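>>> what shape does this take:
(2 chains)
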2 protein chains.
Amino acid sequence: MRQSRLFTKTHKEDPKGELSHNAQLLVRAGYIHKEMAGVYTYLPLGLRVIDKITTIIREEMNAIGGQEVLMTTLQDPASWKKSGRWDDNVVDIWFKTQLKNGSELGIANTHEEALTALLLDHVSSYKDLPVYIYQFQNKFRNELRAKSGIMRTREFIMKDLYSFSRNTEEFQEFYEVCAGAYHKIFQRAGIGHLTYRTYASGGSFSEFSDEFQTLSEAGEDTIYLDEQKQVAVNKEILNDDILKKLSIDKDKLVEKKAIEVGNIFPLGTKFSEAIGLRYTDNDGKEQTPIMGCYGIGLGRLMGTIVEVLSDGKGIVWPESVAPFQFHLIRLGEAAEVKEKCDRFYDTCQKSGFDILYDDREASAGDKLHDADLLGIPVRLVISAKTGEKIEYKKRTEESASLVDITSFIETATKSK
Amino acid sequence: MRQSRLFTKTHKEDPKGELSHNAQLLVRAGYIHKEMAGVYTYLPLGLRVIDKITTIIREEMNAIGGQEVLMTTLQDPASWKKSGRWDDNVVDIWFKTQLKNGSELGIANTHEEALTALLLDHVSSYKDLPVYIYQFQNKFRNELRAKSGIMRTREFIMKDLYSFSRNTEEFQEFYEVCAGAYHKIFQRAGIGHLTYRTYASGGSFSEFSDEFQTLSEAGEDTIYLDEQKQVAVNKEILNDDILKKLSIDKDKLVEKKAIEVGNIFPLGTKFSEAIGLRYTDNDGKEQTPIMGCYGIGLGRLMGTIVEVLSDGKGIVWPESVAPFQFHLIRLGEAAEVKEKCDRFYDTCQKSGFDILYDDREASAGDKLHDADLLGIPVRLVISAKTGEKIEYKKRTEESASLVDITSFIETATKSK
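Presented below is the predicted three-dimensional model:
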């Protein structure tokens, strides 16, 4: 894409009133736009990142047997009243609204109730189970404060998967399979080396849930990490009894700040009981499915990547989620430089490379500054000085090198 | 995909209280689930159709220079107060909600205000224009009645594009380019032959807007069509003066019921003026961009396809939006039939065919009935009787023929 055609502009100043590092960088670089506290629009570059994150998660969810649906934001109170979660004193982050006739509707903050009710039409026998159903859907949470940029917002896209199993063993097996898929997702998204499975509270449903926590000073959570064992415990549940139960040695734990990038949660029969979802087992007896839920917030994952991988100059995207793989920078307005750069860009386009072309009439300083801010993995510079070659530099490295155009095209084609 | 693994089931009876033909078929076939009046979940098969429609529209919007973003559902009242559309007496389909501190928020029914306000950060010079920005986003409309299945809902995904041009000529040129793209979209979606550009009211913004109306008895609109000229006029604006102005001969008009599947609308400077979006022209003078908006509801388009192309047996998808291209039906449970069918399915999978495999243990009658209901373009039957061949039948044709497996694979691979 030609950058001169991209409608977003970079900004030199941090946006006013934006305290979080991730949102400061993403707003300045034109990835997102703040509509109000905790509510952000994804601009073209930001949406490309979200789309790449979506693809990674979708592939991993399909690989473990997930079936994708798209549920609704508007929620009929009926199922929520059955589960006891309609009450604002029980769930304190509801947004609610009304139909013309005055009857109340919920704005979805999660989808256990709706999905369980939906399955009444489709599940009746043990042959219909297990099922693993997921979606990428907006969630709305009426947070009192929203101050962590795109990491804690009032409106956000979440991948939420729900499992319905015939018994505890079948549930446990899938729970571990999904935990494995989560590790793969965070690995592919470039933050696997900083992300730890962490014991956390199971709420009213079970003893523990599992969080995936990424080490970062920007995190809202405090965890205690045993690096050798690659396991952590959320401060919220830390006590001697629990450590004993988990066979974790208190002395090996190090306190860390971390961001919860994912969460998997045993639900037992809480929702299937409440909604009345039953199945007949192979002895003809009625049984209640065991459920689990598995969430990843897409904006939070994107914000976390920015928090933990950026440097003093700007964002540093891993290849897997970068809006483009190559950032071609033309330095100079001379006709022969323009012509050479346009020709190279055309070749890249024809080769199917994922490339952003800075063809703007701007100073070399501004263009190189913007390239660092945008954080595309490979910068390619063509100027009067580069002759028949291009200057190649990785965003993660300091030094650039001149490379032959033909061999660049060949190598890049092979690694596609 | 193996149908035995698909969590949705078909239903023999029409859903209770569902009066519209499109929703009756789509619910029975397991494409959608009704959450409440005017609010539907897309199940795996339905989401596949929505995804294919999305791809068609995205390709055509990118082809005319559209840049994709994702705006938000939660709306700050500030911009809406500037445009005068916050008032429930002006816009009578608002859903509204509140933050914890009691301040009101809107649930977006459209995005002119938000996008125009966003562009204050990115547009200042004539060099920044024109821009064409679009999204696929949920819209929420508090309709008094919702009775047309997925064609008029309280929550729906819309492709909405907004154009910002420097002057009327530049606007008009894009308006016609976008009208052309809309014709292509409806052609590709299989309803082009029934869809007519229709003069409609321009509201308070301009004299006319243009609707794309698909002929159907299920339509809520009445249009007057001149088939020879391939143009129509919405009944809402029909009078002798208007016909004279449009050089349309009253005697050639035929009254038809139709569904509005798309709408393009000149907005003039209504929103740019109200929000204060300005640019400096090449003489250094401040100017106000001319805007237009261009909408297609995805569910409505899907519902329209079902309304106009289905037959007495069920849905008839055009290839372009079908959830799968091939529906393989295994008739019989004998080991050699199963083995032959599994082997054929594996070959199809390896060849990358888009295929649903009915491997369920069910009667031949039920399976063939479901195949007609689901409406996948090509049905392939393997049974004890088909020997070394497969029975091939198009959903749009009555007769089936036995074809050689190898030649089927070859032909299908070529036409991919």
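>>> give the bridge partners for A:Gln98, please.
On the basis of DSSP bridges, A:Gln98 is bridged to A:Glu104.
>>> now do the contacts for it.
A:104-105, B:95 (Cβ atoms under 8 Å, 6 or more residues apart in numbering or on different chains). (C-beta placed from N, C-alpha, C; glycine too.)
>>> ditto for A:Leu373
A:10, A:25, A:28-29, A:313-315.
>>> show me which of those are buried.
A:10, A:25, A:28-29, A:314-315 (16 or more other Cβ atoms under 10 Å in any protein chain shown).
>>> in TSV: those, plus distance to B:Lys393.
Output for the buried ones among the contacts of A:Leu373, formatted as TSV (distance: Cβ to Cβ, whole Å):
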residue	distance to B:Lys393
A:Thr10	57
A:Leu25	57
A:Arg28	59
A:Ala29	54
A:Gly314	58
A:Ile315	54
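>>> which of these are close to chain B?
Among the buried ones among the contacts of A:Leu373, no residue sits close to chain B (Cβ under 8 Å from any Cβ of the partner chain).
>>> out of those, who's nearest B:Leu301?
Of all the buried ones among the contacts of A:Leu373, B:Leu301 sits closest to A:Ala29, with 35.0 Å by Cβ to Cβ.
>>> show the contacting residues for the closest one.
With Cβ under 8 Å, 6+ apart, A:Ala29 has these contacts: A:10, A:45, A:314-315, A:370, A:373-375.
>>> tally of neighbours for the residue of the stretch 251-400 of chain A found nearest chain B?
Of all residues in the stretch 251-400 of chain A, A:Glu361 sits closest to chain B, at 9.0 Å by Cβ to the nearest Cβ. Using other Cβ atoms under 10 Å in any protein chain shown, A:Glu361 is surrounded by 10 other residues.
>>> kindly report the same for A:Lys389.
Around A:Lys389 there are 15 other residues, counting by other Cβ under 10 Å.
>>> which strand residues bridge the closest residue to it other than its chain neighbours?
Of all residues not flanking A:Lys389 in the chain, A:Leu402 sits nearest, at 4.3 Å (Cβ to Cβ, 6 or more residues apart in numbering or on different chains). Per DSSP bridges, the residues bridged to A:Leu402 are A:Glu391.
>>> can you give me how far the helix or strand hosting A:Glu59 is from the chain middle?
Using DSSP states H and E, A:Glu59 falls within helix A:44-63. Mean C-alpha position of helix A:44-63 versus that of the full chain (Cα atoms, centre = their mean, to the nearest Å) differs by 8 Å.
>>> do the same with stretch A:220-234
Distance, centroid of stretch A:220-234 to centroid of chain: 21 Å (Cα atoms, centre = their mean).
>>> quick one, what contacts the residue of the stretch 101-250 of chain A found nearest chain B?
The nearest approach of the stretch 101-250 of chain A to chain B comes at A:Val131, 4.3 Å away (Cβ to the nearest Cβ). Residues in contact with A:Val131 (Cβ under 8 Å, 6+ apart) are A:67, A:119, A:123, A:163-164, B:7.
>>> from the buried ones among the contacts of A:Leu373, which land in helices?
Counting by DSSP state H, the buried ones among the contacts of A:Leu373 place A:25, A:28 in helices.
>>> with distance to B:Val321 and pLDDT added, can I get the buried ones among the contacts of A:Leu373 in CSV?
Below are the buried ones among the contacts of A:Leu373 laid out as CSV (distance: Cβ to Cβ, whole Å; pLDDT from 0 to 100):
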residue, distance to B:Val321, pLDDT
A:Thr10, 39, 96
A:Leu25, 40, 97
A:Arg28, 40, 97
A:Ala29, 36, 98
A:Gly314, 41, 97
A:Ile315, 37, 98
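>>> right, I'll leave it there.
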